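J.: Quick one, what's the 3D model for this:
(3 chains)
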Amino acid sequence: MLGHGVTFILGGARSGKSSFAEGLIEASGLEAVYLATGKAWDDEMSARIGLHKARRGSAWTTIEEPLDLVGLLQSESAGNRAVLVDCLTLWLTNLMMAERDIEAETAELVAVLPRLKGPLVFVSNEVGLGIVPENRMAREFRDHAGRLHQAVAGAAATVYFVAAGLPLKMKG
Amino acid sequence: MLGHGVTFILGGARSGKSSFAEGLIEASGLEAVYLATGKAWDDEMSARIGLHKARRGSAWTTIEEPLDLVGLLQSESAGNRAVLVDCLTLWLTNLMMAERDIEAETAELVAVLPRLKGPLVFVSNEVGLGIVPENRMAREFRDHAGRLHQAVAGAAATVYFVAAGLPLKMKG
Amino acid sequence: MLGHGVTFILGGARSGKSSFAEGLIEASGLEAVYLATGKAWDDEMSARIGLHKARRGSAWTTIEEPLDLVGLLQSESAGNRAVLVDCLTLWLTNLMMAERDIEAETAELVAVLPRLKGPLVFVSNEVGLGIVPENRMAREFRDHAGRLHQAVAGAAATVYFVAAGLPLKMKG
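T.: Below you'll find the predicted structure:
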């Protein structure tokens, strides 16, 4: 069941985390808003975005925003709406590409969460459980993602880890 | 304890998932069949297969089959036998090498499971919790593996996630 | 709460595993000893070590030892002290660089654990949940890490898996 505050869903690639998040929101009966942080950098990414859209169907309002997550959450969240942010690691990728200050952006996001109305569901990819990447930028990304996940999990009322389509409650 | 239907055991490299699976089957008292999907592509792989075989000992019947998992399961599963499939990611590797249609193979496997007799234990490697691989084929493999795991977990009565030799029940 | 024996904390990069470990020890009221296995091979590593030290503050005694973990544990562990070893994967890296016999070192560590006095907390990185690394040394590292984690988890009274700053009890 979807709680009133923040729900954070963390999982691996193709773990079923987005479907699980969508199911939570659809079962709530609230107006469903999909806040897509992914930008179609290439055909592979376009195809992925298209598949996600087709699966959600027409009941959802989709908004695409690669960078200004905080602003969109402030304008879109409302008591009768549930907003799904999919996903935090893509937002982080966009912030890094745009050379933004990641710590400041993370702090701003976490600060705004308690003031928002209506359920919010954040989906993100756990990326820190493999071998240390040889590429320095990948290591930085991994570090930023880990810190962002800790911050969002700290602010969330409910946290799930999803593997093979199965949710495991870590908090709440 | 080993259930009558499908048990799915997911874990990382050297997580103890195979030992845990073998223990479940050995404790059942049923005739134990080991269905090895691994092909010895090189010496490293040969050594791994040899180690696994030595550990299992002579009580097991070992069958090696890189591709026709569905056919073997149909001929080998029986009420007085427990079959261990080790592992799904190696089967997936073989299917990709042989340029098979992965979605069709996954669908066929999941469709046949409810019709099989006797306990079946599937072991597989979770590979989706690291950084996005730079190599396109590795990304495709990761996506296929995630979807296969969701499908098998959906069809399974019991699912465990194994880390550091410790099982965590995710379903059942 | 910190138990008398061995506590093992496994998690991903930037998962909050060290903070969780430090919190367990600080809450125990015992004298806190930090056994750092990390060697500053480069500036990136130096910066990490500096950050960890600043966070812990002056209540901790810090000892740096890249290789002789077993010797240090024997001399430092005592009933009124809690020792934090951070982390096992860095120790493993150092052993591999020094071309030590990893199986023998693992066996020696596990053999000495039951004879030590006072709580011991081991922190380590799970590295086996990503795609198989292309680099052979990385594959060997991953295999050694998995076996070391199984051995330490087997000897531990309590095991946690930490993700996004949240501990999940796997044993104890």
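J.: Now do the end-to-end distance for stretch A:27-35.
T.: Taking CA to CA, to the nearest Å, the span from the opening residue of stretch A:27-35 to its closing residue is 18 Å.
J.: Just the C-alpha atoms of the top helix by length along chain A, please, in PDB.
T.: As far as residue count goes, and with DSSP state H defining each element, the longest helix of chain A is helix A:136-155. These are the backbone C-alpha positions of helix A:136-155, laid out as PDB (Å, rounded to 0.1, in the frame of the first residue of the first chain):
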ATOM      1  CA  ARG A 136      37.200   7.400 -12.800                       C
ATOM      2  CA  MET A 137      33.900   9.000 -13.800                       C
ATOM      3  CA  ALA A 138      32.100   5.700 -13.200                       C
ATOM      4  CA  ARG A 139      33.600   5.600  -9.700                       C
ATOM      5  CA  GLU A 140      32.500   9.200  -9.000                       C
ATOM      6  CA  PHE A 141      29.000   8.400 -10.300                       C
ATOM      7  CA  ARG A 142      28.900   5.400  -8.000                       C
ATOM      8  CA  ASP A 143      29.900   7.500  -5.000                       C
ATOM      9  CA  HIS A 144      27.300  10.200  -5.800                       C
ATOM     10  CA  ALA A 145      24.600   7.600  -6.300                       C
ATOM     11  CA  GLY A 146      25.400   5.900  -3.000                       C
ATOM     12  CA  ARG A 147      25.200   9.200  -1.100                       C
ATOM     13  CA  LEU A 148      22.000  10.300  -2.900                       C
ATOM     14  CA  HIS A 149      20.400   6.900  -2.000                       C
ATOM     15  CA  GLN A 150      21.300   7.200   1.600                       C
ATOM     16  CA  ALA A 151      19.900  10.800   1.700                       C
ATOM     17  CA  VAL A 152      16.600   9.800   0.000                       C
ATOM     18  CA  ALA A 153      16.300   6.600   2.100                       C
ATOM     19  CA  GLY A 154      16.800   8.800   5.200                       C
ATOM     20  CA  ALA A 155      14.000  11.100   4.200                       C
END
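J.: outside of it, which residues touch it?
T.: The contact list for helix A:136-155 (CB atoms under 8 Å, 6 or more residues apart in numbering or on different chains) reads A:6, A:8, A:10, A:88-89, A:92-93, A:96, A:102-103, A:106-107, A:109-110, A:113-114, A:122, A:124-128, A:132-133, A:159, A:170-171, B:131, C:12-16, C:44, C:163-166. Placement of C-beta: from N, CA and C, glycine included.
J.: immediately after it, which helix or strand?
T.: Once the chain leaves helix A:136-155, the next helix or strand it forms, by DSSP states H and E, is strand A:158-163.
J.: helices or strands up against the helix-or-strand element of chain A with minimal mean pLDDT?
T.: Every helix and strand of chain A was ranked by mean pLDDT, DSSP states H and E. The lowest is helix A:43-56, at a mean of 78. Using 3 or more CB pairs under 8 Å, 6 or more residues apart in numbering or on different chains; DSSP states H and E as the contact test, the elements touching helix A:43-56 are helix A:17-28, strand A:31-36.
J.: what is the orientation angle of that helix with helix B:136-155?
T.: Relative orientation of helix A:43-56 with respect to helix B:136-155: 20 degrees, computed using axes from the mean of the first three to the mean of the last three CA atoms, to 10 degrees.
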